[in-house]
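Novice: predicted structure and sequence below. I'll ask about it afterward.
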Amino acid sequence: MKKWVYNFEEVTAAEKYAGNWEGVRSLLGGKGAGLFDMTRAGVPVPPGFTVTTEACNEFRKTGKFPAGQWDQQLAAMKVTEKKAGKKFGDPKNPLLVSCRSGAKFSMPGMMNTILNIGLNDKVVDGLTNLTGNARFAWDSYRRLIEMFGETVFNLDDEVFEHPMAEYKEKKGYKLDTEMTAEDWKELVSIFKDVFQKELGFEFPQDVYKQLELATKAVFESWNGKRAIAYRKKEGISDDLGTAVNIVTMVFGNMGDDSGTGVAFTRNPSTGDKKMMGEYLLNAQGEDVVAGIRNADPIVHLNDQMPKAYKQFMEITGKLEKHYKDMQDVEFTIERGKLWMLQTRNGKRTAKSAVKIAVDMANEGLITKEQAVLRVTPDNVDSLLHPQFDVEAMNSAEKDGTFFAKGVNASPGAAVGQVYFDADKAEQMAKEEKQDTIMVRPFTKPDDVHGMIASKGVLTSEGGATSHAAVVARQFGIPCVVGASSIKIDLERRVMVVDGKGVNEGEWISVDGNTGKVFIGKIPTISPSLEKQTELLTLLTWADEISARKDVREAPAKGYPTRGLQVWANADYPKDAQRARAYGAVGIGLCRTEHMFFEPERLPIVQRMILSETSEGRTAALNELLPYQRKDFDGLFEAMNGYPVIIRLIDPPLHEFMPDEEKLLEEVITMRVKNETDGLKAKEDLLVAIKGMHESNPMMGMRGVRLSISMPEIVEMQVRAIFEAAADCTLRGIVVKPEVMIPLTGTVKELEWIQPRLERIASAVMDEKKVKFEYKFGTMIEIPRAAVTAAEIAGHAQFFSFGTNDLTQMTYGYSRDDAERNFLITYQEQGILETNPFQTIDRGGVGKLMDWAIAEGRKTRPELEVGICGEHGGDPNSIEWCHLIGNNYVSCSPFRVPIARLAAAHAALKHRPAKKAAAPKKKPAVKKAVKKVAKAKTAKKK
Ligand code: PEP
Ligand code: MG
């Protein structure tokens with residue numbers, strides 16, 4: 001019979017069955033595995049058992065427990081009863097249990113948990129006798145009925161909350177703590193009536209029925225709406241299933257020598273190495289997590305229960321060392337005795353992720369490689385996200401737009417329109433494309449969709465470990481919680497502080513760094529990387545990993561064995577400086593045409609385009625030359641010692657001309673008004689622009705085709721590049737110019753243009769009497785170029801994949817229109833898994849790249865290969881570039897830090913397996929003897 005249920009002591013059996021610890025986590029879920037591991041380590045964990053994820057998956061298939069599961073649960077209950085010294089359903093000495101979900105990857109608050117199972121009309125009296133605390137017993141019973149109704153039978157929480165609020169009002173109570181034993185008893189009877197009325201049957205008195213229904217409800221919650229949405233967002237597979245942990249209840253609400261809390265072994269917001277947690281005396285866990293009552297900081301426990309506090313600090317210290325990561329723990333103290341209910345790796349902000357990783361590596365707890373792997377490219381992205389301008393915040397405070405202050409639960413700046421419930425916040429964000437801020441008294445798991453859709457979250461209640469805080473941190477959403485001066489009127493859709501009101505739909509600014517909230521919009525600025533020392537350290541480690549020789553296996557000659565370098569796309573010296581500051585070690589693309597658009601240059605460019613003779617063009621270009629030389633000079637200077645790839649003019653010329661429709665309107669207006677002055681010039685211009693019209697300009701006269709038709713432009717550009725490079729060399733700057741020819745489709749194009757340009761390069765070096773390294777290469781943007789890469793590499797000394805165009809041309813999707821049209825439907829319908837303009841389509845575009853590199857290096861083994869399309873900053877595409885043998889990726893300067901981390905991740909993830917020692921050769925003598933023996937037998941025949 002298959003084993004579906006494991007007692008907490010059976011960790012060895014689970015390991016044996018699952019093969020390794022990863023397997024145990026899959027089988028028992030993260031929470032379960034933690035409980036088993038803690039039990040093994042002698043940590044005080046209440047006795048219990050776990051029903052496996054495999055049982056859940058069987059249940060999901062058939063709607064029934066698999067054969068044997070229930071009997072095994074009954075047997076495990078017997079073991080638990082023995083260990084706890086209590087009996088399930090026995091009024092004289094009752095055992096109560098919780099039934100908790102726990103998947104392999106933590107999904108906080110997304111699935112069901114039911115507490116206090118095992119209470120009924122008789123057991124409640126037994127519990128009263130046993131504890132001498134009738135108030136506690138009846139309160140526990142009412143909690144069970146409420147949770148059962150809500151989680152097992154999906155009743156709305158309102159159906160219980162409403163009568164409870166009414167009851168409290170009738171009695172004149174404000175807080176739950178004012179309720180007496182009699183009151184709770186009364187409420188149990190009210191809740192039982194509600195249960196019967198809503199569901200048509202009575203609350204189950206059979207405790208085993210309760211256990212069975214609760215187990216099923218936890219299984220089913222795997223497919224609940226919020227769980228599915230969460231998995232989608234987090235990329236967790238739908239097939240894993242959840243385990244069910246059945247754990248002896250220990251009570252934090254047995255009086256003032258009891259309590260319950262949650263804590264993080266390091267600060268999950270800042271990463272500081274200091275325990276951060278909260279607890280409540282005389283309360284149950286849900287009270288702390290829901291943030292409904294404001295909890296006490298964990299250090300106060302030292303004053304109230306020093307012995308328990310000391311033990312707690314020792315245990316959590318050990319847990320952190322054991323798991324080598326920041327732990328998020330739940331604990332309960334029952335009449336002075338500490339119980340650990342859960343430990344797991346804590347969710348954290350990006351800032352904290354980086355600090356904890358770097359600190360732990362420095363403490364020797366983890367390796368630098370592990371530290372690098374602990375931080376995600378998304379973490380780095382959010383650390384470079386805008387923050388509020390401090391000066392603007394200060395002046396807003398003086399201007400009286402300061403609204404409230406709460407706990408700075410999740411960092412970042414959020415500006416948006418206020419909505420007071422999750423559905424509305426989501427709807428306005430998705431359908432109206434608004435920036436929204438979700439504002440609630442506190443949040444519950446049902447609110448997560450609204451939080452994810454919003455730019456920020458604000459609550460008036462709860463602390464740093466409340467649901468809102470934990471979820472916001474996990475998703476990197478700026479969040480302020482517990483801004484208690486705010487009074488939220490959900491009916492009137494307004495929030496008020498001291499007479500100042502903010503209505504639904506109005507703008508506010510929420511600062512997750514300081515906890516401050518302002519009315520209106522506050523400007524934001526980009527944070528500087530230079531000040532983020534831990535991140536800089538981590539990125540240096542990432543670079544060290546990527547720079548390692550043999551971090552890649554080289555299947556062919558020329559294939560790099562180091563990891564990817566990160567270069568940047570930069571057009572101007574100031575971009576190049578930022579690229580350097582962000583750690584780029586080359587410029588992979590300078591789009592020279594951008595410089596043509598500058599106001600003093602555009603008229604010259606237009607004159608050049610309109611001139612009908614080569615001489616006319618050359619005259620205009622001679623005027624442009626000094627500008628371009630200056631541009632390139634600045635780039636070389638900024639990139640002293642590093643390669644700079646300058647791409648020759650690429651776009652169709654009409655892009656530099658005035659808008660045809662606008663010009664036509666002007667001409668018509670002049671004609672109607674009979675204005676003759678300047679009319680002829682405009683008419684001529686219109687004719688010229690019309691003459692340049694193309695039906696498919698992206699597939700028309702651009703790139704190398706334009707250079708062949710009008711070589712004067714690129715001849716000027718190459719002269720400007722080499723003159724600037726020569727001047728810089730003479731000033732002592734080390735230049736490495738690489739001239740890039742765009743949109744090549746056939747090698748014949750290179751054969752035509754490249755020698756002319758190379759002649760200019762040599763001529764300039766002769767004129768200036770200097771020599772420096774340089775290269776001529778091409779972009780691979782057209783499938784034909786990729787397919788014929790072996791020929792192309794005969795001329796090109798380097799390739800750079802222009803994956804924007806390569807994707808456009810491979811799919812035949814217009815890069816300018818597809819993303820706002822059918823691509824959305826294609827993604828919704830699952831025809832495309834991801835947007836191919838964001839993430840390389842490995843099966844098509846990626847294959848072409850792979851082929852092009854392999855073919856190119858057959859001709860030219862030292863061929864340098866990069867990528868400069870938008871994909872160069874996308875982690876998934878970076879991984880692909882690593883796998884196919886790119887030398888570098890080039891992306892926007894702002895994405896350089898993300899790319900550096902992604903490159904290191906790719907290197908670590910695909911590290912070549914260590915080669916096994918070659919098998920020892922059999923001694924040659926023996927072989928020789930065998931041969932002789934064979935020969936002898938052959939002769940005999
Ligand atoms: C490309 O096509 O990927 C590229 C970098 O060139 P552009 O975007 O300028 O066409
Ligand atoms: Mg292109």
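Specialist: Perfect, I can see it now. Ligands and ions are numbered 1, 2, ... in the order given.
Novice: for Glu665, see how far away whichever residue of the stretch 201-350 of the chain sits closest to ligand 2 is.
Specialist: Closest approach between the stretch 201-350 of the chain and ligand 2, counting by Cβ to the ion: Gly235, at 30.6 Å. Backbone N, C-alpha and C define where each C-beta goes, glycine included. Taking Cβ to Cβ, to the nearest Å as the measure, Gly235 falls 51 Å from Glu665.
Novice: what about these two, which has more around it?
Specialist: Set Gly235 next to Glu665 and count neighbours by other Cβ atoms under 10 Å: Glu665 wins out with 11 against 7.
Novice: just the element for that one, please.
Specialist: Assigned by DSSP states H and E, Glu665 belongs to helix 660-672.
Novice: from ligand 1, how far off is the residue lying closest to Asp239 once chain neighbours are set aside?
Specialist: With Cβ to Cβ, 6 or more residues apart in numbering as the measure, Asn57 is the residue that lies nearest to Asp239, at 7.3 Å, once sequence neighbours are left out. Noted for Asn57: a distance of 44 Å to ligand 1, by Cβ to the nearest ligand atom, to the nearest Å.
Novice: so Asn57 makes contact with Asp238?
Specialist: No - under the criterion of Cβ atoms under 8 Å, Asn57 makes no contact with Asp238, lying 10.6 Å away.
Novice: quick check: residues of this structure near ligand 2?
Specialist: Counting by Cβ under 5 Å from the ion, the chain comes close to ligand 2 at 781, 802, 805.
Novice: could you redo the last one with a cut-off of 8 Å?
Specialist: Proximity of the chain to ligand 2 is confined to 650, 703, 742-743, 779, 781, 802, 804-806, 869 under the rule Cβ under 8 Å from the ion.
Novice: filter these to the buried ones?
Specialist: With burial judged by 16 or more other Cβ atoms under 10 Å, the buried subset of those is 650, 703, 742-743, 779, 781, 802, 805-806, 869.
Novice: picking that back up, as TSV, the residues of the chain next to ligand 2 with secondary structure would be great.
Specialist: Putting the residues of the chain next to ligand 2 into TSV (DSSP: H, G, I helix; E, B strand; the rest coil) gives the following:
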residue	secondary structure
Asp650	coil
Gly703	coil
Pro742	coil
Leu743	coil
Met779	strand
Glu781	coil
Gly802	coil
Asn804	helix
Asp805	helix
Leu806	helix
Gly869	coil
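Novice: got the buried residues for stretch 173-183?
Specialist: Residues 179, 183 are the ones in stretch 173-183 that count as buried (16+ other Cβ under 10 Å).
Novice: off-centre distance for it?
Specialist: Put simply, stretch 173-183 sits 44 Å off its chain's centre (Cα atoms, centre = their mean, to the nearest Å).
Novice: thinking again about what came up before, for the buried ones among the residues of the chain next to ligand 2, which one is nearest Arg374?
Specialist: Comparing those against Arg374 with Cβ to Cβ places Gly869 closest, at 29.3 Å.
Novice: who's in contact with the closest one?
Specialist: Contacts for Gly869 (Cβ atoms under 8 Å, 6 or more residues apart in numbering) come out as 801-807.
Novice: just give the closest residue to the most centrally placed residue in the chain, not the sequence neighbours.
Specialist: In the chain, the centroid-proximal residue (Cα atoms, centre = their mean) is Asp378; its distance is 4.0 Å. Spatial nearest neighbour of Asp378, chain neighbours left out: Gly476 (7.0 Å); criterion: Cβ to Cβ, 6+ apart.
Novice: what about the one you found, how many neighbours?
Specialist: Gly476 has 22 neighbours, counted by other Cβ under 10 Å.
Novice: that one reaches Leu384, doesn't it?
Specialist: No - in this structure Gly476 lies outside contact range of Leu384 using Cβ under 8 Å: 11.8 Å.
Novice: just say helix, strand or coil for Val517.
Specialist: strand.
Novice: do you know how far it is from Ala350?
Specialist: According to Cβ to Cβ, Val517 stands 21 Å off from Ala350.
Novice: compare neighbour counts for these two and give me the winner.
Specialist: It is Val517, of Val517 and Ala350, that has more neighbours when counted by other Cβ under 10 Å, with 27 against 24.
Novice: contacting residues for that one?
Specialist: Residues in contact with Val517 (Cβ under 8 Å, 6+ apart) are 402-406, 458, 480, 483, 486, 508-511.
Novice: least confident of these?
Specialist: Across those, the bottom pLDDT score, 87, is held by Gly406.
Novice: how many neighbours does that residue have?
Specialist: Gly406 has 24 nearby residues by other Cβ under 10 Å.
Novice: that one reaches Leu458, doesn't it?
Specialist: Yes - using Cβ under 8 Å, Gly406 makes contact with Leu458 at a distance of 7.3 Å.
Novice: between these two, what contacts are shared?
Specialist: The contact sets of Gly406 and Leu458 overlap at 480-481, 483, 486, 517 (Cβ under 8 Å, 6+ apart).
Novice: which of those lies closest to Phe65?
Specialist: Among the shared contacts of Gly406 and Leu458, Val481 lies closest to Phe65 (Cβ to Cβ), at 40.0 Å.
Novice: need phi/psi at the closest one.
Specialist: The phi/psi pair for Val481 (degrees, to the nearest 10) reads phi -120, psi 170.
Novice: local confidence estimate at it?
Specialist: 88.
Novice: number of residues surrounding it?
Specialist: Residues near Val481, counting by other Cβ under 10 Å, number 31.
Novice: still on that earlier bit, CA atoms of the host helix or strand of the residue nearest to Asp239 as CSV?
Specialist: Applying DSSP H and E as the criterion places Asn57 in helix 53-62. Output of helix 53-62 as CSV, limited to C-alpha atoms (Å, rounded to 0.1, in the frame of the first residue of the first chain):
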residue,chain,number,x,y,z
THR,A,53,1.1,16.3,-2.3
GLU,A,54,0.8,13.0,-4.1
ALA,A,55,-2.4,12.3,-2.2
CYS,A,56,-3.6,15.8,-3.2
ASN,A,57,-2.8,15.1,-6.8
GLU,A,58,-4.7,11.8,-6.8
PHE,A,59,-7.6,13.6,-5.1
ARG,A,60,-7.6,16.3,-7.8
LYS,A,61,-7.9,13.6,-10.4
THR,A,62,-10.7,11.6,-8.9
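Novice: residues in contact with whatever helix or strand comes next after that helix?
Specialist: Using DSSP H and E, the helix or strand that directly follows helix 53-62 along the chain is helix 69-84. Residues lying outside helix 69-84 but in contact with it, judged by Cβ under 8 Å, 6+ apart, are 3-7, 46-49, 51, 55, 58, 87-88, 95, 97, 208, 211-212, 215, 246, 248.
Novice: also stretch 232-240?
Specialist: 26, 53, 57, 103-105, 107, 228, 230-231, 452, 475.
Novice: and stretch 828-840, by the same measure?
Specialist: Residues outside stretch 828-840 that contact it (Cβ under 8 Å, 6+ apart): 803-804, 807, 811, 813, 815, 818-819, 823, 825-827, 845-846, 849, 870-871, 874, 876-877, 880.
Novice: may I see the buried residues of it?
Specialist: Using 16+ other Cβ under 10 Å as the test for burial, stretch 828-840 gives 832, 835-837, 839-840.
Novice: out of the residues you listed, who's nearest ligand 2?
Specialist: Distance to ligand 2, by Cβ to the ion, is smallest for Phe837 among the buried residues of stretch 828-840, at 12.1 Å.
Novice: where does the closest one land in three-state SS?
Specialist: Assignment for Phe837 (three-state DSSP): coil.
Novice: against Asp850, how distant is it?
Specialist: As judged by Cβ to Cβ, Phe837 and Asp850 stand 19 Å apart.
Novice: the stretch 601-750 of the chain against ligand 1: which residues are in contact?
Specialist: Applying Cβ under 6 Å from any ligand atom, we find that the stretch 601-750 of the chain lies next to ligand 1 at Asp650.
Novice: tell me the contacts of the closest residue to ligand 1 within the stretch 601-750 of the chain?
Specialist: Proximity of the stretch 601-750 of the chain to ligand 1 (Cβ to the nearest ligand atom) peaks at Asp650, 5.6 Å away. Shown in contact with Asp650 (Cβ under 8 Å, 6+ apart): 591, 593, 702-703, 706, 742-743.
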